[in-house]
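1. Have a look at this prediction, sequence included:
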Amino acid sequence: GAAIGAMAAGSPMQKGAESALGIAQNPYMEMMFSGVGFRKFQFEFIFRPKSSSEFETVAKILKMFRSFSKPTFAEGKLGKSFMNYPMEFGIKFLREEGGRFTDNLNVPKIKDCVCDSVTSNFTPQSIWAAHEQGKPVAVNLSLSFQETELVMAEDVWKDASKGGGY
């Protein structure tokens, strides 16, 4: 089919040769499998601190995510030539059952991740409003995570009998 298609390029001659030989050119392009990428996840949170002290807690949360999403310099005689990896996050979706928290098997699991983007918006409704000393009354925190391990077909089916999986 490919040789006929190359010679006649869809002409009546090609159609006649295909009919005579009992073959047809495959109309689909071939694709080469080159692997799969790491999954990414996006989470959005809106904080609405009611006081300056609550905003201090929000500020600590923002600082924690910003610092844990960055590498640190490796200690030693090499100075700033090498860096340590950023922190990894274990993200789980939980549900309350009988007064304790358990894994929520109704949503896919997430493997260990790194936080690759932290953005904050101090005017989430496009209006600036602040408590005393200019501390915002609302903050939108956007976090983007990327898994550090690929999800394979076996992972998807591993916990299928329990309702889980990736």
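-> Looks like it arrived, so ask away. Numbering: from 1, shown residues only.
2. now the strands for this protein?
-> 40-47, 72-73, 83-84, 88-89, 94-97, 100-103, 113-121, 139-147 (DSSP state E).
3. got TSV for the ones you listed, with mean pLDDT and mean neighbour count too?
-> For the C-beta atoms, the positions are set from N, CA and C on the backbone; glycine is no exception. Shown next, in TSV, are the strands of the chain (pLDDT from 0 to 100; neighbours: other CB atoms under 10 Å):
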stretch	mean pLDDT	mean neighbour count
strand 40-47	97	12
strand 72-73	88	12
strand 83-84	88	10
strand 88-89	96	15
strand 94-97	94	10
strand 100-103	93	11
strand 113-121	96	17
strand 139-147	97	18
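4. Save these as CSV, and put in distance to residue 25 too.
-> Listed next are those as CSV, based on distance: least, CB to CB, whole Å:
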stretch, distance to residue 25
strand 40-47, 39
strand 72-73, 58
strand 83-84, 53
strand 88-89, 50
strand 94-97, 54
strand 100-103, 51
strand 113-121, 44
strand 139-147, 41
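5. if I pick the residue with the shortest distance to the centre of the chain, what's in contact with it?
-> Taking CA atoms, centre = their mean, the centroid of the chain lies closest to residue 40, which sits 1.1 Å from it. Contacts here follow CB atoms under 8 Å, 6 or more residues apart in numbering; on that basis residue 40 touches 116, 144-147.
6. Roughly how far does the nearest residue to residue 136 once chain neighbours are set aside sit from residue 50?
-> Nearest non-adjacent residue to residue 136, counting by CB to CB, 6 or more residues apart in numbering: residue 122, 4.4 Å away. As judged by CB to CB, to the nearest Å, residue 122 and residue 50 stand 16 Å apart.
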